[in-house]
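Engineer: Predicted model and sequence below, questions to follow.
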Amino acid sequence: MEPINHVHGRAIPFGRKNVDTDVVIPAHWLKTITREGLGKGAFEAVRKEPGNVFEDPEYAGAPILIAGDNFGCGSSREHAAWALLDMGVTCVLAPSFSDIFSGNAFKNGILAVVLPQDAIDRLMEVAKTDPIDVDLETQSVTTPFQDRFTFEVDPFRKHCLLNGLDEVGLTLAQADAIGSYEKRADNDLPFLAHPGRQAA
């Protein structure tokens, strides 16, 4: 997982409320055995709407998505986070998220930032013309117009995102402690590692 500290760039001013994971990535895209390529299917139905922001070249490669209330509701498919990452999005700003989506986003290295609706409304306006800056270290979202919005983040999630630690990474970070325990267990409890041997 790539560390996240600072996300800067254009933001896609989507803003739609109650967007479920089937809108983020439709079910027929879930047959893949790899995470790559899911960005092509992201927001497939929305992309068919005339004048939608996802087909606007102005926002191509934008690392930030501005969403509406209750983003990521519906089914628990982790593919929604994978699709966002594959299209280049590493930060989503919204007034609220589905708990399951928020967890999946975190585990895949996406920063999900909760901000009040008035802040989201302001950022939607700025996003039409200018970049936005999200700083995880200072827990703030700023614009070129001196707007500054602070956000809360769970300290454990912040630590993991800043250091690029997923569940595997967290386990590997304890490699020395695990190795020490296994050596002690091999000496103190040899019958566990070598069933035929007896403890001394």
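Structural biologist: All right, it came through fine.

Engineer: Can you tell me which helix or strand of the protein has the lowest average pLDDT?
Structural biologist: Within the chain, judged by mean pLDDT, DSSP states H and E, the helix or strand with the poorest mean is helix 190-193; its value is a mean of 72.

Engineer: can you give me the strands in the chain?
Structural biologist: Assigned by DSSP state E, the chain shows strands spanning 6-9, 11-13, 64-66, 91-94, 111-114, 132-135, 140-142, 148-150.

Engineer: Quick check: the residue nearest the centre of the chain vs Ala80, distance?
Structural biologist: Closest to where the C-alpha atoms of the chain average out (C-alpha atoms, centre = their mean) is Ile110, at 1.7 Å. Counting by C-beta to C-beta, to the nearest Å, the gap from Ile110 to Ala80 is 10 Å. C-beta here means a position set from N, CA and C on the backbone, and glycine is covered the same way.

Engineer: One more: His28?
Structural biologist: Distance from His28 to Ala80, by C-beta to C-beta: 14 Å.

Engineer: Compare those two (neighbour count), which wins?
Structural biologist: Using other C-beta atoms under 10 Å as the criterion, His28 and Ala80 rank with Ala80 on top: 29 against 8.

Engineer: Return the residues in contact with that one.
Structural biologist: Thr21, Val24, Ile25, Gly72, Phe101, Asn104 (C-beta atoms under 8 Å, 6 or more residues apart in numbering).

Engineer: Quick one: neighbours of the third one, just the number.
Structural biologist: Applying the criterion other C-beta under 10 Å, we find 25 residues in the vicinity of Ile25.

Engineer: Just to check, it is in contact with Gly74?
Structural biologist: No. The criterion here is C-beta atoms under 8 Å, and Ile25 misses it with Gly74 at 10.8 Å.

Engineer: which helix of the protein spans the most residues?
Structural biologist: Longest helix in the chain, counting residues (DSSP state H): helix 175-188.

Engineer: If you drop the residues flanking it in sequence, what lies closest to Gly9?
Structural biologist: Pro63 (4.7 Å; C-beta to C-beta, 6 or more residues apart in numbering).

Engineer: And the pLDDT for Gln198?
Structural biologist: pLDDT for Gln198: 55.

Engineer: How about Val134?
Structural biologist: 98.

Engineer: residue contacts, it?
Structural biologist: Taking C-beta under 8 Å, 6+ apart as the criterion, Val134 is in contact with His6, Val7, His8, Ile64, Cys91, Leu93, Leu111, Val113, Ser140, Val141.

Engineer: same question, Asp133
Structural biologist: Asp133 is in contact with His6, Val7, His8, Val141, Thr142, Thr143, counting by C-beta under 8 Å, 6+ apart.

Engineer: Correct me if wrong: the last one contacts Glu125.
Structural biologist: It refers to Thr143. No. Between Thr143 and Glu125 there is no contact under C-beta under 8 Å: 9.4 Å.

Engineer: how much space between the residue nearest to the centre of the chain and Lys158?
Structural biologist: Going from Ile110 to Lys158 by C-beta to C-beta gives 13 Å.
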